[in-house]
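# the sequence and its predicted three-dimensional model are supplied below.
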Amino acid sequence: MDAPLPTLYKARNLPLKRPVCAICVDRTKGRTEEVRLGYRVTVWLCPGHASRAFQTKRGGRDFVRTLMGVWQANGCLTQARHRALDAHLNQLRAHPPRSRPGSYAWPELRRRLEAHYAAGAPPLDPTTRHDRHACPACTAHTPSRRTLQRWHAERRWLTRPP
């Protein structure tokens, strides 16, 4: 006897009040949300597929290729849907997502150093052990000496607790 084919007829643990994820279909996990793509195109996606991380992965090509494949397989890749996917890619090319700049990329380190400064310590040199990232194998660049001096000079711990 062949294994049963997946259907939504008696599928378990699926959202009852919302549509299933357009990509996951019978494997949808979590509460789906409506994502507006422009050109009057909307699609219901699970939290994983609706996330910015998935929509911008590999310059948005994963997201676009996946939705295009789903729509082609269902015979509903309309001109409006194609334009919406093209617009998604063009938007990411024009304004690629970027990591947080400078000191904003190190919020935990800044809080730790500000607590150190609040106790009366002078600004640290970037080569000292206290301001290194917790993972020694990490190749991330720690903040510059000037950034550490600026953090000390701003004295944010005086206006709010570290």
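Here it is on my side, so go on. Numbers count the residues shown, from 1 in each chain.
# please count neighbours and contacts with C-alpha atoms only from this point.
Fine.
# for residue 41, give the beta-bridge partners.
When assigned by DSSP bridges, residue 41 has beta-bridge partners residue 38.
# contacting residues for it?
80-81, 84 (C-alpha atoms under 8 Å, 6 or more residues apart in numbering).
# same deal with residue 32?
15, 18-21, 44-47.
# what's the helix-or-strand element of the chain with minimal mean pLDDT packed up against?
Using mean pLDDT, DSSP states H and E, the weakest-scoring helix or strand in the chain turns out to be helix 145-154, at a mean of 80. In terms of contacts (3 or more C-alpha pairs under 8 Å, 6 or more residues apart in numbering; DSSP states H and E), helix 145-154 is packed against helix 107-118.
# residues of the helix it packs on that come out buried?
By 16 or more other C-alpha atoms under 10 Å, the buried positions in helix 107-118 come out as 109-111, 113-118.
# and the angle from that helix to helix 145-154?
Here helix 107-118 runs at 60 degrees with respect to helix 145-154, directions being taken by axes from the mean of the first three to the mean of the last three C-alpha atoms, to 10 degrees.
# show me what helix 107-118 is packed up against.
helix 145-154.
# quick one: buried residues of the helix it packs on?
147-148, 151-152.
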